[in-house]
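Colleague: Below: sequence and its predicted model.
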Amino acid sequence: MSENSAPTKVANEYERERIPDAELKGSGKFWGMYSGEHAAGTEFMIGPLFLLSGVSLYNIFLGLLVGNLLAVFSWRFVCAPIATQARWTLYYHLEKIAGKKLVKIYNLANGVLFCFLAGAMITVSATAVGIPFNLEMPAFDAIYPSSVSFVVIVLLVGGVISAVASVGYDAVSKFANIAAPWMVLVFFACGVVALKQLGVSSWAELQAIWTDSIQFAQGGEVTTSMGFFEVMLFAWFCNSAMHVGMSDLSVFRFAKKASSGWATIGGMYVGHYMAWIAAAFMLAAQIKLTQSADPVPGPMAFNVVGIAGIICVVVAGWTTANPTIYRAGLAFQAMLPSASRLSMTLLAGGIATVAAVFPAFAFKLLGFVGLYGTILAPMGAVIYVDWYFSKRVGITPFYAENSGSSVNKAVLFAWVLPVAVALYFIFAQGATTWYFVLPAWLACGVLFLVFSRARGAQRV
């Protein structure tokens, strides 16, 4: 067994089997990974968007405090316990319940949406790589690339990130553990330097200059589209596909204990709290110093901390894109079990890199993360209900596996109906995306039980 342990780590990610005990990892691996993944490229985009949306400082500080705590609880008590008991990827676990054909549809949606998210982070890194060469970067409202040089940079950055992700979980985890401590310090330094550039010495002065920054960014107005409740919901559900949506079953299946779910504290309060606020202050400082409200990550970080900011943006985008491409590769590999995880991860990296050429994916991030959570997260309720309630209410656990069904219609309709309603309100009525994650998740779980009982699946 020991003779084969080294190559097994590289060649076998256990996509369709339980993780053996010899491959389990302590909580330290997860603290580094989550801190690195969430003190990362998205933070440079999301933090400034709070300012552009006119959110008050009070609502940012308090809303993020509560929302991030709820996200940690979701990882620790919803996702991690099932992951450490079943020890399967999301895709293999769901296949046992939903059936091979249905799960392929879900995996396609999952993989493609994760590719777009990874692409946004490749874009973030690329905006910093071009600065030393004095290349034109896309404006915040850009849809298409700004130059051929930008496209070349995106392709190079995407290629390197995809290569690392394709090596496997160990490479993703090791890179995050190395990068995370340094990035956290740079984010903190960015916030401190930005505050110094703002020249404030009291909370009242900070509030005043924050309001002035919003007024400048909004062309003379001070309006807000996000209050405390909206900020809290966004912080809770911006990663909903990963926690209540169970995507991180694929990550926490490597954990020795469910208590490793607490490692997400590092990501939520270092990344989604400190780094978001620091990035928001960076935009306020940029507005004061350059009269520009264009929150392109590379130039914004360079204006605050110089070369260190450039390096931080590059690495930050990398540490988000790496595990996201890894997850997308697992989704595609679950669709085509005969294909290797290496080839599917490279395919995911290729799609992400092509998406990264179009900066709109990165610059519309607030709406996008809510959309992918609304589509993907409800399926996590199926896993949760099947794991904890199937035998209690007299329905067959892992119905597709036990019945030989390739499409579990109870899962299909339980997923499609609430998501379709949510998408109607989002696209036809212009509703805010992250309002619908929790209602869709709860509705999906309830409908799955109702439809399963109506089918008469009593065999347990």
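Modeller: Nice, I can see it.

Colleague: How about the contacts made by residue 407?
Modeller: 98, 99, 101, 102, 400 (CB atoms under 8 Å, 6 or more residues apart in numbering). Every residue, glycine included, has its C-beta placed from N, CA and C.

Colleague: Tell me where the model's unsure across the stretch 301-450 of the chain.
Modeller: Low-confidence segments of the stretch 301-450 of the chain (pLDDT under 70): none present.

Colleague: any chance you could map the helices in the stretch 151-300 of the chain?
Modeller: Taking DSSP state H, counting those that start in this stretch as the test, the helices found in the stretch 151-300 of the chain are 169-198, 203-217, 228-237, 249-252, 264-265, 276-290, 297-305.

Colleague: Residue 195 and residue 186: what is the separation?
Modeller: Distance, residue 195 to residue 186, using CB to CB, to the nearest Å: 15 Å.

Colleague: quick one, which of these two is more surrounded?
Modeller: The residue with more neighbours, out of residue 195 and residue 186, is residue 186; 23 against 18, by other CB atoms under 10 Å.

Colleague: what residues are up against that one?
Modeller: 305, 308, 309, 311, 312.

Colleague: can you list the contacts of residue 407 in CSV and add distance to residue 202?
Modeller: What follows is the contacts of residue 407, written out as CSV (distance: CB to CB, whole Å):
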residue, distance to residue 202
98, 56
99, 61
101, 62
102, 58
400, 61
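
Colleague: where does the stretch 101-250 of the chain have low pLDDT?
Modeller: In the predicted model, the stretch 101-250 of the chain carries pLDDT under 70 at residues 168-180.

Colleague: 80 - rerun?
Modeller: Filtered on pLDDT under 80, the stretch 101-250 of the chain yields the residue ranges 130-142, 146, 161, 164-183, 221, 225.

Colleague: residue ranges of the helices in the stretch 301-450 of the chain, please?
Modeller: 307-335, 341-356, 360-363, 365-376, 378-393, 399-403, 409-428, 437-455.

Colleague: Identify the residue spatially nearest to residue 46, adjacent ones excluded.
Modeller: Of all residues not flanking residue 46 in the chain, residue 276 sits nearest, at 5.7 Å (CB to CB, 6 or more residues apart in numbering).

Colleague: Give me the distance between the one you found and residue 251.
Modeller: 22 Å.

Colleague: follow-up on the earlier one: tell me who's in contact with the residue nearest to residue 46.
Modeller: Applying CB under 8 Å, 6+ apart to residue 276 gives the contacts 43, 46, 47, 50, 60, 64.

Colleague: one more time with 6 Å
Modeller: 43, 46, 47 (CB atoms under 6 Å, 6 or more residues apart in numbering).

Colleague: Check residue 378 too.
Modeller: By CB under 6 Å, 6+ apart, the contact list for residue 378 reads 415, 418, 419, 440, 441, 444.

Colleague: any chance of those in JSON lines, plus neighbour count and distance to residue 258?
Modeller: Converted to JSON lines, the contacts of residue 378 look like this (neighbours: other CB atoms under 10 Å; distance: CB to CB, whole Å):
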{"residue": "415", "neighbour count": "25", "distance to residue 258": "26"}
{"residue": "418", "neighbour count": "23", "distance to residue 258": "28"}
{"residue": "419", "neighbour count": "21", "distance to residue 258": "28"}
{"residue": "440", "neighbour count": "26", "distance to residue 258": "25"}
{"residue": "441", "neighbour count": "25", "distance to residue 258": "20"}
{"residue": "444", "neighbour count": "25", "distance to residue 258": "23"}
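
Colleague: Could you dump the residues you listed into TSV with distance to residue 18 added?
Modeller: As requested, the contacts of residue 378 are exported to TSV (distance: CB to CB, whole Å):
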residue	distance to residue 18
415	26
418	31
419	30
440	30
441	26
444	26
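
Colleague: out of those, which one sits closest to residue 78?
Modeller: residue 441 (9.8 Å; CB to CB).

Colleague: pretty sure the closest one is in contact with residue 379, am I right?
Modeller: No - if you go by CB atoms under 6 Å, residue 441 and residue 379 don't touch, sitting 9.0 Å apart.

Colleague: returning to that earlier point: so for residue 455, which of the helices of the stretch 151-300 of the chain sits nearest?
Modeller: Nearest of the helices of the stretch 151-300 of the chain (CB to CB): helix 249-252, 25.3 Å.
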